[in-house]
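Asker: following is a predicted model, sequence given first.
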Amino acid sequence: MHKTFQKKNKLSNSRSKNIKQILNNISEDSALKILKKLANDKDTAKRIEELALKYLTEVDSDSIAEDIFNDLNSLDVEEVWDNSVSTSYGYIEPYDLASEMFEETLETYLDDIRKYQKLSMDKEAKLTCMGILKGVYMFDKKTTTEFKGYVEDDPYTTFIEVYEEWSEVLKGLMSRPNENLLSIGHK
């Protein structure tokens, strides 16, 4: 009996290592396909939903702000200099390129707001928006990089655009019946 238990335990450990290797090497697209197939089972689908909601509701606006500040602060002015050249379409202005880099850095975070809005996760959208605004503000006030000189107006403009986009969402929320807007984002 003891040898059988050891044999099963070795098989279990071997499978566990194998699964970890597979998960570490699978593409996102393949993982999504597998997840969708697993969701066909009622019990598994319920567990997937629970895990997804737990993951999606863990929004920390201060952490988002820090991430944004660090991402923007790490933008390299030398990349602006190296890529501001004449092309067959004309000259790429350093200021335009820097603005594009600034916007691209924020796009993932803005996509998160849109994702939460699409899922009617208003609290999470609000917290993400607050994190973005705080991160952009921190960059505007605290950064000392040369890159900032190429995006002097971008923090202000971006702050206003993000706030206005969020205001549009609030208008939509106000049209929802029985919605307590003051409670969104508060515990």
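Answerer: Nice, I can see it.
Asker: next secondary structure after the helix-or-strand element of the chain with minimal mean pLDDT?
Answerer: Lowest by mean pLDDT, DSSP states H and E among the helices and strands of the chain is helix 2-25, with a mean of 64. Downstream of helix 2-25, the next assigned helix or strand under DSSP states H and E is helix 28-38.
Asker: what packs against that following helix?
Answerer: Applying 3 or more C-beta pairs under 8 Å, 6 or more residues apart in numbering; DSSP states H and E, one finds that helix 28-38 makes contact with helix 42-56. C-beta coordinates here come from the backbone N, C-alpha and C atoms, glycine included.
Asker: ok, 6 Å please
Answerer: Counting contacts by 3 or more C-beta pairs under 6 Å, 6 or more residues apart in numbering; DSSP states H and E, helix 28-38 packs against no other helix or strand.
Asker: any idea which residue sits dead centre in the protein?
Answerer: Tyr109 (4.4 Å; C-alpha atoms, centre = their mean).
Asker: I'd say it and Ile132 touch.
Answerer: Yes. Using C-beta atoms under 6 Å, Tyr109 and Ile132 qualify as a contacting pair, with a distance of 5.1 Å.
Asker: quick one: whatever helix or strand Pro155 lives in to chain centroid distance?
Answerer: Using DSSP H and E, Pro155 sits within helix 154-174. Distance of helix 154-174 from its chain centroid, counting by C-alpha atoms, centre = their mean, to the nearest Å, is 17 Å.
Asker: from the rest of the structure, what touches that helix?
Answerer: Here helix 154-174 makes contact (C-beta atoms under 6 Å, 6 or more residues apart in numbering) with 99, 102, 117, 129, 132-133, 136, 139-140, 179, 181.
Asker: next one: stretch 66-77
Answerer: Contacts with stretch 66-77, where a contact means C-beta under 6 Å, 6+ apart, come from 101, 105, 135, 138-139, 143, 146-147.
Asker: show me how to select, in ChimeraX, the buried members of these.
Answerer: Here is the ChimeraX command that selects the buried residues among these (16 or more other C-beta atoms under 10 Å):
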select :101,105,135,138,139,143,147
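Asker: so which of the contacts of stretch 66-77 are in strands?
Answerer: Using DSSP state E, no member of the contacts of stretch 66-77 sits in strands.
Asker: just the closest of the contacts of stretch 66-77 to Leu56, please.
Answerer: Gly135 (19.8 Å; C-beta to C-beta).
Asker: not counting its neighbours along the chain, what's nearest that closest one?
Answerer: Closest residue in space to Gly135, ignoring its immediate chain neighbours: Ile68 at 2.7 Å, by C-beta to C-beta, 6 or more residues apart in numbering.
Asker: show the average pLDDT along the helix or strand hosting the one you found.
Answerer: Assigned by DSSP H and E, Ile68 belongs to helix 61-73. The average pLDDT within helix 61-73 is 97.
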